[in-house]
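Trainee: Predicted model, plus sequence, below.
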Amino acid sequence: AQWCPDVGDVLYSLTVMELCDRLRLMFFGNLHQDWSEFVLADLGIYTYEKVEFCAESRGLRSRDDVHGFLFLHQCQQAFEAGEALDTVLAQVATLCTDNPWLEKRRAKLLFQIGQYCERCAELALAEQIYRNCTHPGARARLIRVLERQEDYAQAMALATEAQQAPHSAAEHQHLLRVVPRLRRKLGGPALPRAKPQAVARLDLSLVQEPLLSVESCVLAHLSEPDAPVHYVENGLINSLFGLLCWEAIFAPLPGAFFHPFQRGPADLHSEDFYQRREALFAACFAQLEDGRYKASIRQRYVDKWGIQSPFVFWNLLSEDLLEQALACLPAEHLRHWFTRLLQDIRANRAGMPDLIQFWPAQNTYRMIEVKGPGDRLQDNQLRWLAFCGEYQMPVTVCYVRWAEQPA
């Protein structure tokens, strides 16, 4: 009332929000960033790598692309608001576009709808969706739906086809479980099971500290002055990769960067991300062979400190941790980890062990996956453990039980 006493009960509203959202989309190429990026960058709260880009590098290339993105966004909102699935699916099907990026967005939305149908036991509709969906993981979900509908023959045929060329390590892991089960249900002979690779195990009985996580309790118990333990989870290996391969990740390729507030390339999760930069990554990996990688990582740590990156965890990567890692992690192990990251960035950035322990005097280390009472290893963690075992990387699974508190 003090601000504008003569207005009375007049209500003011913004009537150009649709236009503002369209302009925001055209600038950022998405709708999850907003104009506060300018303020945060000016204040120095966020800093971004400066990448040269030209007009041809824009994410949305035409008016039709803008319309297509907004249309899919409206379909997503309708789905999340609980609109009838038949209506949403019919709307999604009407989109006509020659933009591969928009097709991937459509496939992702269809995949989400398919998962929702599974949860609601609408299995026939889920099957229909997955059969026409190109999103990664759709084939594995289709096998699952066919099995739940007791169509074991079709599920087995599709699983056998998938075994010839799995889309990912996750799908391969899924097939190792589902194929023997389908064979049993079809009355076929059992296949010999591959013996799981043995992983070193550590059992601890610890007093539970109410304010500490189970990982922190194990860290405090195992850490010694000459054998420090750090909580790193996915942060350390990703950070070392991001620092060594900074130039390849931020290479100014067409379509990768188109505005100054990107923490990484727009095609980071595209199937051809590595292929488009293969020579650049090869140059980075060559430093692991001749020993230059340590100096490069140290220099990049100084030069790029605090700049947004899809891989580097600045709040985790202290100078002490960096130096201990460079002293104790063999270049060969780094190369194996980095190669696996590039095989499937979306899936392989996660699942790494929680802790790492260094013995700087011996230049050795071990990774430690921590499991509290009742906790079990997740699929992505099992894949990382198997990978480490394949290349003789020291890794331990630590199982914790809580000791009774003294009276």
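Mentor: Perfect, thanks for sending it. Numbers count the residues shown, from 1 in each chain.
Trainee: Test my guess that Tyr391 contacts His336.
Mentor: Yes: using Cβ atoms under 8 Å, Tyr391 makes contact with His336 at a distance of 5.0 Å. For every residue, glycine as well, the C-beta is placed using N, CA and C.
Trainee: Same drill for these two, tell me which one is more crowded.
Mentor: His336 (17 against 12; other Cβ atoms under 10 Å).
Trainee: I'd like the distance between the more buried one and Phe358.
Mentor: Going from His336 to Phe358 by Cβ to Cβ, to the nearest Å gives 18 Å.
Trainee: Mind giving me the packing neighbours of the helix or strand harbouring Phe358?
Mentor: Element membership for Phe358 (DSSP states H and E) is strand 355-359. Judged by 3 or more Cβ pairs under 8 Å, 6 or more residues apart in numbering; DSSP states H and E, the packing partners of strand 355-359 are helix 214-222, strand 229-231, helix 319-328, strand 364-371.
Trainee: Within the sheet, what are the partner strands of it, with directions?
Mentor: strand 229-231 (antiparallel), strand 364-371 (antiparallel) (DSSP bridges).
Trainee: next structured bit after the first one?
Mentor: Which is strand 229-231. Assigned by DSSP H and E, the successor of strand 229-231 is helix 235-244.
Trainee: Run the angle between that next one and strand 364-371 for me.
Mentor: Interaxial angle, helix 235-244 versus strand 364-371 (axes from the mean of the first three to the mean of the last three Cα atoms, to 10 degrees): 130 degrees.
Trainee: which helices and strands sit right next to helix 235-244?
Mentor: Using 3+ Cβ pairs under 8 Å, 6+ apart: helix 235-244 touches helix 278-290, helix 293-303, helix 319-328, helix 331-343.
Trainee: Throw those helices into TSV and include distance to Ala138 and mean pLDDT, thanks.
Mentor: Converted to TSV, those look like this (distance: least, Cβ to Cβ, whole Å; pLDDT from 0 to 100):
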stretch	distance to Ala138	mean pLDDT
helix 278-290	27	96
helix 293-303	38	97
helix 319-328	38	97
helix 331-343	19	96
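Trainee: Just put those in JSON lines and tack on distance to Ala220.
Mentor: As requested, these are exported to JSON lines (distance: least, Cβ to Cβ, whole Å):
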{"stretch": "helix 278-290", "distance to Ala220": "33"}
{"stretch": "helix 293-303", "distance to Ala220": "27"}
{"stretch": "helix 319-328", "distance to Ala220": "17"}
{"stretch": "helix 331-343", "distance to Ala220": "26"}
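Trainee: do you know which of those helices lies nearest Ala78?
Mentor: The closest of these to Ala78 is helix 331-343. By Cβ to Cβ, the value is 35.7 Å.
Trainee: Buried residues, the closest one. List them.
Mentor: Using 16 or more other Cβ atoms under 10 Å as the test for burial, helix 331-343 gives Ala331, His333, Leu334, His336, Trp337, Phe338, Arg340, Leu341, Leu342.
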